[in-house]
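[1] need coordinates for the below:
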Amino acid sequence: MDRNTKKIPAFFLRTIIIIVANMAYNVYSQTYNFEHLGLKEGLSQITVNTIFQDSQGFLWFGTQDGLNFYDGYTFKHYRSDPDDENSISHNWIWDIFEDSDHNLWVATWSGLNKISPDRNNFTRYYPEQNNSSGIRGERPVSIQESEDGSIWIGTWGGGLNMYISDKDSFVCYSSAIIEDRDFPGDYIRSIHIDTYQNLWVGSWGGLWKATKTDSNQYSFKYIDILPGIERKEIKITDISQTQNGHIWVCTLGLGVFELLEDNTIIENYRFVSDEENCIKSNLVSCIEEDESGKIWIGTVSRGICVLNTVEKHFTCISHDPENPESIAADDINSIYKDKSGLIWCGTNGLSIFNPSRNIFNSFSDLVPIGGDIQNMKNISAIYQDKSGRIWLGTSGNGIYCLLPKDENCENEWLENTLKSLDKLNVSSIVSDEENNIWIGTRANGLLKLSVKNQQLSNMVEYPGNPET
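    Here you go, the predicted structure:
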């Protein structure tokens, strides 16, 4: 039987789309359509260096000409005014961060700013020659907060600073300040605090990791991510941690490194050729993980490379002047996933990717398998596995599967197995690390279905059934 001759009824398709609107988009989908926000919509300037969503859900965009507040409808601009001390210190924005007290910290080309929770009052911090407890470095570029409430600031030219809120003062970690200690250097581009409260520091001098000692001091260690390369050749642009705990490090010229939290190097993703399955440039600017676990890698001039960590496959996203829904440009400055799962890309303005919207495209590439799809009703469970299959459980009408058209072989065993379960009353569906499908039922115990091994097993003893 040719599965491609079967069609999904329109009313079932609409039902499925509504139920899975918030699920991860299909892993086989190669289409990335974007919406755009730019000058016409109210953005103050098109080069978006950084993107941040605050605790109230509002979005903030740091451009090269002002700080932008966005409520989903309109923009509000914050610009520097030399005659107003209650304004931002500079219009070129490097980083935005909200602390646990809901103050918004803004790193600019000249000075660090703290904006009060009501967003009405600005406090500026500049380096002062005669103030040993002041911030070092005029150009802060990256901000994080540790669990003890300390605010860490990486600066370009002033090393690593820690802000102590109850003293309203700074401590600088620099070899120029504290002698006989090895520190990351004065030119820091990115910092990140991991789930174990380790501080990762990316500088124009390699990767460093700081851990807190029993005496409440910080011990710094250089992480040699590429043995044989001098520290000065390792220029780090961004550091991030994914859901599985791995640390991702972006560099300018050496690609992307994936590490375990114990500093073990897992992989160095580098450009090989345009024909190879790889990132398309070693000049990497930023990185972000989406809701489905894919890694979005922004490059300086060759768009975005999306890494499917399960399939180890890269999908490249680039600007197409003939397609208004393509990404706005190929020079990517920032990538950010908001709380709803939208991916915001700072490039020539803002390009926004909505995974829920893309799921409409991916369903056209799915083919039903199992019982008569026309008789499917009373959907009680729905699940998308790592291979992109959609599993539909019903209350008394069995279980169905929607397969990607890309799936290589005709699966007669799966077709017959699902047909044999046509009276099944399904309560839940989930998969494990090996992509086995576990089916919870209301009368037939717990079923384990392995498509790969072509096995169906009942994992719970069921009275009267000698096969369990």
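
[2] isn't E35 up against N354?
    Yes - the pair E35 / N354 is scored as a contact, 7.2 Å apart, by CB atoms under 8 Å. Glycine gets a C-beta too; all of them are placed from N, C-alpha and C.

[3] the two: who's more crowded?
    Neighbour count, other CB atoms under 10 Å: between E35 and N354, N354 has more, with 16 against 13.

[4] okay, that one: pLDDT?
    Listed pLDDT for N354 reads 88.

[5] what residues are up against it?
    Taking CB atoms under 8 Å, 6 or more residues apart in numbering as the contact definition, N354 lies against 35, 342.

[6] gap between it and Y32?
    Applying CB to CB, to the nearest Å, the value for N354 to Y32 is 10 Å.

[7] likewise for C401?
    From C401 across to Y32, the span is 26 Å (CB to CB).

[8] name the nearest residue to I193, sequence neighbours excluded.
    Spatially, and ignoring its direct neighbours in sequence, I193 is nearest to Q144 (4.8 Å; CB to CB, 6 or more residues apart in numbering).

[9] which elements pack onto the strand or helix carrying the one you found?
    Using DSSP states H and E, Q144 sits in strand 139-145. With contacts defined as 3 or more CB pairs under 8 Å, 6 or more residues apart in numbering; DSSP states H and E, the packing partners of strand 139-145 are strand 93-98, strand 104-108, strand 151-156, strand 188-193.

[10] now tabulate those in JSON lines and tack on mean pLDDT.
    Below are the helices and strands packed on strand 139-145 laid out as JSON lines (pLDDT from 0 to 100):
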{"stretch": "strand 93-98", "mean pLDDT": "98"}
{"stretch": "strand 104-108", "mean pLDDT": "98"}
{"stretch": "strand 151-156", "mean pLDDT": "96"}
{"stretch": "strand 188-193", "mean pLDDT": "96"}
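
[11] let's have the ones you listed in CSV, adding distance to E276.
    Output for these, formatted as CSV (distance: least, CB to CB, whole Å):
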stretch, distance to E276
strand 93-98, 34
strand 104-108, 37
strand 151-156, 34
strand 188-193, 27
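
[12] want to throw those into JSON lines with mean neighbour count and distance to N453?
    Formatted as JSON lines, the helices and strands packed on strand 139-145 follow (neighbours: other CB atoms under 10 Å; distance: least, CB to CB, whole Å):
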{"stretch": "strand 93-98", "mean neighbour count": "23", "distance to N453": "48"}
{"stretch": "strand 104-108", "mean neighbour count": "24", "distance to N453": "53"}
{"stretch": "strand 151-156", "mean neighbour count": "24", "distance to N453": "50"}
{"stretch": "strand 188-193", "mean neighbour count": "23", "distance to N453": "41"}
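
[13] out of those, which gets nearest to D84?
    With CB to CB as the measure, strand 104-108 is the member of the helices and strands packed on strand 139-145 nearest D84 (15.1 Å).

[14] elements contacting that closest one?
    The contact analysis (3+ CB pairs under 8 Å, 6+ apart) places strand 104-108 against strand 93-98, strand 112-115, strand 139-145, strand 151-156.

[15] before we move on, the earlier item: the residue nearest to I193 pairs with what?
    Here Q144 sits in beta bridges with W152, as judged by DSSP bridges.

[16] residues contacting it?
    97, 151-152, 191-193, 199.

[17] how close does it get to I153?
    8 Å.

[18] between the helices and strands packed on strand 139-145, which gets nearest to K294?
    Going by CB to CB, the one of the helices and strands packed on strand 139-145 nearest K294 is strand 188-193, 19.4 Å.

[19] run me through the strand neighbours of that closest one, direction for each.
    Strand 188-193 pairs in its sheet with strand 199-203 (antiparallel), by DSSP bridges.

[20] ok, and the closest non-adjacent residue to T155?
    Nearest residue to T155, sequence neighbours excluded (CB to CB, 6+ apart): G137, at 2.9 Å.

[21] burial count for the one you found?
    G137 has 24 neighbours, counted by other CB under 10 Å.

[22] next one: phi and psi at it?
    phi 100, psi 120 (degrees, to the nearest 10).

[23] surely it meets D186?
    Yes - between G137 and D186 there is a contact under CB under 8 Å: 7.3 Å.

[24] between the two, which contacts overlap?
    155, 157-159.

[25] okay if I get the residues you listed as CSV plus distance to D330?
    As requested, these are arranged in CSV below (distance: CB to CB, whole Å):
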residue, distance to D330
T155, 29
G157, 29
G158, 32
G159, 33
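
[26] derive a PyMOL selection command for the buried subset of the residues you listed.
    Selection of buried members from the shared contacts of G137 and D186 for PyMOL, criterion 16 or more other CB atoms under 10 Å:
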select buried, resi 155+158+159
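
[27] beyond the helix or strand bottoming out on mean pLDDT in the chain, next helix or strand please.
    Least confident helix or strand, the chain: helix 10-19 with a mean of 51, by mean pLDDT, DSSP states H and E. Downstream of helix 10-19, the next assigned helix or strand under DSSP H and E is strand 34-37.

[28] show me what that next one packs onto, helices and strands only.
    strand 349-353.

[29] which strands or helices does the strand it packs on pack on?
    Checking 3+ CB pairs under 8 Å, 6+ apart, strand 349-353 ends up next to strand 34-37, strand 48-53, strand 343-347.

[30] mind listing what the residue nearest to the spatial centre of the chain touches?
    With distances taken as CA atoms, centre = their mean, the residue of the chain nearest its centroid is E289 (2.1 Å). Going by CB under 8 Å, 6+ apart, E289 touches 240, 242-243, 295-296, 337.
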